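> give me a model of this one.
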Amino acid sequence: MSFWQAQFHRRLRKAIRKGRIEIIYPDGATHCYGEPCAAPLRVRITTRSWLRRLTLDPELALGDAYMDGGLIIEAGDLYALMDLVWSNVLSSGDGTGAAIPAAARRLLRRLDQFNPAGRALKNVAHHYDLGNDFYRLFLDDDLQYSCAYFERPDMSLEDAQAAKKRLIARKLLIEPGKSILEIGCGWGGLGLSLAAETGARLDGITLSKEQLNVANARAASKGLSKRARFELSDYRAVENGYDRIVSVGMFEHVGVPHYQQYFDQVAKLLKDDGVALIHTIGRPDGPGATNPWIARHIFPGGYIPALSEIVPSIERAGLFITDLEVLRLHYAQTLKEWRRRFLENAHKVTRMYDARFVRMWEFYLASSELSFRHGAHTVFQLQLAKRQEAVPVTRGYLLEEPPARSFQTEKPRVVA
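I've put the predicted structure just below:
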């Protein structure tokens, strides 16, 4: 047994306690790990080079190996493999045997998350400018690319995304004529719904040119261009004051070094009696570092924050947390549906890009879903205000029935 095979064998024998996996090593030897009676996964590691990389830094190498053919699943599928990894290695706290690269990533995380305006624009383009037709293959009809809200387990993705918009609208307490700033407007779905259903005026900003084009075209097609305006802008460049500020799925791209700047800007732009709602993925177990594979291939510059990293900046900005809700497992269900739709359209994605890209996104969607299922990530919704009396003192207003027309699921006209 070679040195690297012996190291890998020792770590798996120690780590795998739930389920069962068979590893076929580059020399043809097969070893089994885990419970004897469990249905096995069978995985082939194709070369000694990949075996060495998987041993030295599995957090980075596992996704690369799946993408590039260094790891081939011969029995079972990727989701089952990642579930076994999460159940045994990541959820147990035993570590993966890659203490040195993990420690280095924690030390360098502030540098990796340094996102001045120019770098932020480049990072956003890497992910969000892949092409609108690509995202239409797996998102809901409204192109909501954030956690849905499953009021019932049997809700469709479309209905759960509409429920998410209703929940946010209630927390913002929007009245006709109010002004809203949406930081990170995506393809415009939330902003257009808020403008159409509440009579408010909305300014949405994004750093994605692809998203901007769709948002403005959708506003025009709905006759909302005068009440819903979308611009290519960084949040740091906004100057006007607003009655309401909302940000959904954007805070993950701010970066820890910029948290104070972000909340100072929210406080500056929010009127004295205003309300803000920040919706972000969060860590329930304290500060960490971005998974290196995700940082390299999916979200460069991204970071999922712990609540302990967010709150001090909110306090220093002079804002009150008037409500905090933790959405548990809603994103796991959202990602499950995205992954199902993505795999149904994998042949189309292959034509758009290639088979390697399909494997990359399959790995991203599966590993992300499991991070929520195993409790490594959750979603925070923070309602903020400058005055304690800006929102009701009880939460009954969140249970009130919305207007009859509010946020009905629709199929918007497809625009380029």
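
> so Leu232 touches Gln211, yeah?
No. Leu232 lies out of contact with Gln211 (C-beta atoms under 8 Å); the separation is 9.3 Å. (Glycine included, C-beta is placed from N, CA and C.)

> give the buried residues for the helix or strand that contains Ser368.
In this assignment (DSSP states H and E), Ser368 forms part of helix 355-373. Under the neighbour-count criterion of 16 or more other C-beta atoms under 10 Å, helix 355-373 has 357-373 buried.

> gap between that helix and the chain center?
Distance, stretch centre to chain centre, for helix 355-373: 12 Å (C-alpha atoms, centre = their mean, to the nearest Å).

> by how many degrees do the next helix or strand after it and helix 355-373 diverge?
Next along the chain after helix 355-373, taking DSSP H and E as the criterion, comes strand 378-385. Interaxial angle, strand 378-385 versus helix 355-373 (axes from the mean of the first three to the mean of the last three C-alpha atoms, to 10 degrees): 70 degrees.

> which elements pack onto strand 378-385?
helix 157-172, strand 270-282, helix 307-316, strand 320-327, helix 330-344 (3 or more C-beta pairs under 8 Å, 6 or more residues apart in numbering; DSSP states H and E).

> now with 10 Å, please.
Counting contacts by 3 or more C-beta pairs under 10 Å, 6 or more residues apart in numbering; DSSP states H and E, strand 378-385 packs against helix 157-172, strand 242-248, helix 259-269, strand 270-282, helix 307-316, strand 320-327, helix 330-344, helix 355-373.

> could you spell out the sheet neighbours of it, each with its direction?
Taking DSSP bridges as the criterion, strand 378-385 forms sheet pairs with strand 270-282 (antiparallel), strand 320-327 (antiparallel).

> most tightly surrounded among those strands?
strand 270-282 (a mean of 21; mean count of other C-beta atoms under 10 Å).

> could you dump that one to CSV, C-alpha only?
What follows is strand 270-282, C-alpha atoms only, in CSV (Å, rounded to 0.1, in the frame of the first residue of the first chain):
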residue,chain,number,x,y,z
LEU,A,270,-32.8,54.7,6.0
LYS,A,271,-35.2,57.5,7.0
ASP,A,272,-35.7,58.0,10.8
ASP,A,273,-39.0,56.1,10.8
GLY,A,274,-37.9,53.6,8.2
VAL,A,275,-37.6,49.8,8.3
ALA,A,276,-35.0,47.5,6.7
LEU,A,277,-35.1,43.8,6.1
ILE,A,278,-31.9,41.9,5.5
HIS,A,279,-32.3,38.3,4.3
THR,A,280,-29.0,36.2,4.3
ILE,A,281,-27.7,32.7,4.6
GLY,A,282,-26.0,32.4,8.0
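
> list the buried residues in the helix or strand that it is followed by.
Using DSSP H and E, the helix or strand that follows strand 270-282 in sequence is helix 292-297. Applying a neighbour-count criterion of 16+ other C-beta under 10 Å, one finds Pro292, Trp293, Ile294, Ala295, His297 buried in helix 292-297.

> what about stretch 55-75, start to end distance?
End-to-end distance of stretch 55-75 (C-alpha to C-alpha, to the nearest Å): 22 Å.

> which helix or strand in this protein has the lowest average pLDDT?
None of the helices or strands of the chain scores lower by mean pLDDT, DSSP states H and E than helix 99-107, at a mean of 54.

> Leu232 and Gln211: which is more packed in?
Neighbour count, other C-beta atoms under 10 Å: between Leu232 and Gln211, Gln211 has more, with 25 against 13.

> my read: the more buried one touches Glu231, true?
No. Counting by C-beta atoms under 10 Å, Gln211 sits too far from Glu231 to count as a contact (11.4 Å).

> shared neighbours of the two, anything?
Common neighbours of Gln211 and Glu231 (criterion: C-beta atoms under 10 Å, 6 or more residues apart in numbering): Cys185, Gly204.

> correct me if wrong: Gly131 contacts Lys348.
No. Between Gly131 and Lys348 there is no contact under C-beta under 10 Å: 11.5 Å.

> give me the common contacts of these two.
Leu137.

> could you pull up the residues touching the spatially closest residue to Ile245 that is not a sequence neighbour?
Of all residues not flanking Ile245 in the chain, Ala276 sits nearest, at 4.0 Å (C-beta to C-beta, 6 or more residues apart in numbering). By C-beta under 10 Å, 6+ apart, the residues touching Ala276 are 171-172, 181, 183, 242, 244-247, 263, 266-267, 269-270, 314, 319, 322, 382-386, 390.

> buried subset of those, written for ChimeraX?
Per 16+ other C-beta under 10 Å, the buried members of the contacts of Ala276 correspond to this ChimeraX selection:
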select :171,172,181,183,242,244,245,246,247,263,266,267,269,270,314,319,322,382,383,384,385,386,390
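
> rewinding a little: can I get the strands paired with strand 378-385 in a markdown table with mean pLDDT and distance to Gly288?
Putting these into a markdown table (pLDDT from 0 to 100; distance: least, C-beta to C-beta, whole Å) gives the following:
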| stretch | mean pLDDT | distance to Gly288 |
| --- | --- | --- |
| strand 270-282 | 98 | 11 |
| strand 320-327 | 97 | 17 |
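
> got TSV for those, with distance to Cys32 too?
What follows is the strands paired with strand 378-385, written out as TSV (distance: least, C-beta to C-beta, whole Å):
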stretch	distance to Cys32
strand 270-282	36
strand 320-327	39
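
> which of those sits closest to Val238?
strand 270-282 (11.2 Å; C-beta to C-beta).

> on that earlier part again, specify the beta-bridge partners of the residue nearest to Ile245.
Bridge pairing for Ala276 - DSSP bridges - gives Ile245, Leu384.

> would you mind giving the helices and strands packed on strand 378-385 as JSON lines with distance to Ala65 added?
Below are these laid out as JSON lines (distance: least, C-beta to C-beta, whole Å):
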{"stretch": "helix 157-172", "distance to Ala65": "31"}
{"stretch": "strand 242-248", "distance to Ala65": "34"}
{"stretch": "helix 259-269", "distance to Ala65": "34"}
{"stretch": "strand 270-282", "distance to Ala65": "26"}
{"stretch": "helix 307-316", "distance to Ala65": "32"}
{"stretch": "strand 320-327", "distance to Ala65": "33"}
{"stretch": "helix 330-344", "distance to Ala65": "20"}
{"stretch": "helix 355-373", "distance to Ala65": "10"}
